[in-house]
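**Q** please find the sequence and the predicted model below.
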Amino acid sequence: MARKIWMAAGLALACVIASGQALAQSPNRFSGIAAYYDKDYKDKLASGERYNPAKFTAAHRTLPFGTRLRITDPKTKRSVTVTVNDRGPFTEGRVIDLSMAAAKKLGILGRGLAPVTVVVLPPPPITTAAKPPAR
């Protein structure tokens with residue numbers, strides 16, 4: 001009887017741990033390795049834009065263009081907000097490619113690759129034209 005109780009408790013604990021890991025790797029929050037574009041990269045991006053190393057942009061395999069992301073380096077606690085405008089990375093094990101500006105602000109230029117946490121941000125609120133002044 002005691003063995004069954006311990007097995008049930010172990011199974012329940014395993015389920016709790018597994019659900020916590022699932023929350024950490026949800027579609028809106030995930031972790032992995034980040035890289036950045038080469039300083040000499042000058043091609044067009046999958047979105048049709050020209051790559052601009054001074055903009056805070058990123059490449060992701062599946063997120064829609066225009067999606068805003070908060071990228072955090074857990075080692076340094078630095079964060080940067082970027083906009084997805086390209087596809088990639090296509091190297092196994094990597095989750096995001098960053099522009100030079102984003103990599104610089106994040107502090108990963110000297111490291112080349114860095115573990116990061118990525119959070120999908122909600123879209124900015126839609127603003128409408130101001131109401132005409134009252135007469």
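**A** Done, it's in.

**Q** quick one: end-to-end length of stretch 35-53, please.
**A** Counting by CA to CA, to the nearest Å, you get 14 Å between the two ends of stretch 35-53.

**Q** buried residues in it?
**A** 35-37, 45, 51, 53 (16 or more other CB atoms under 10 Å). Yep, even glycine has a C-beta here, placed from its N, CA and C like the rest.

**Q** most widely separated two among the residues you listed?
**A** For these, the farthest-apart pair by CB to CB is A35 and L45; their separation is 15.3 Å.

**Q** quick one: the helices in this structure?
**A** Ranges of helices in the chain, per DSSP state H, are 2-24, 100-106.

**Q** could you tell me the least trusted of those helices?
**A** In terms of mean pLDDT, the lowest-scoring of the helices of the chain is helix 2-24 (a mean of 45).

**Q** dump the residue contacts of Y51.
**A** Y51 makes contact with 37, 41-45, 57, 86, 99, according to CB atoms under 8 Å, 6 or more residues apart in numbering.

**Q** repeat that for 7 Å
**A** Contacts for Y51 (CB atoms under 7 Å, 6 or more residues apart in numbering) come out as 37, 41-43, 45.

**Q** same deal with K105?
**A** So K105 contacts V80 (CB under 7 Å, 6+ apart).

**Q** please report how far it lies from I96.
**A** According to CB to CB, to the nearest Å, K105 stands 14 Å off from I96.

**Q** which residue, other than its chain neighbours, is closest to G88?
**A** Nearest non-adjacent residue to G88, counting by CB to CB, 6 or more residues apart in numbering: A59, 3.8 Å away.

**Q** brain fart, N52
**A** Excluding the flanking residues, the one nearest N52 by CB to CB, 6+ apart is S99, at 7.3 Å.
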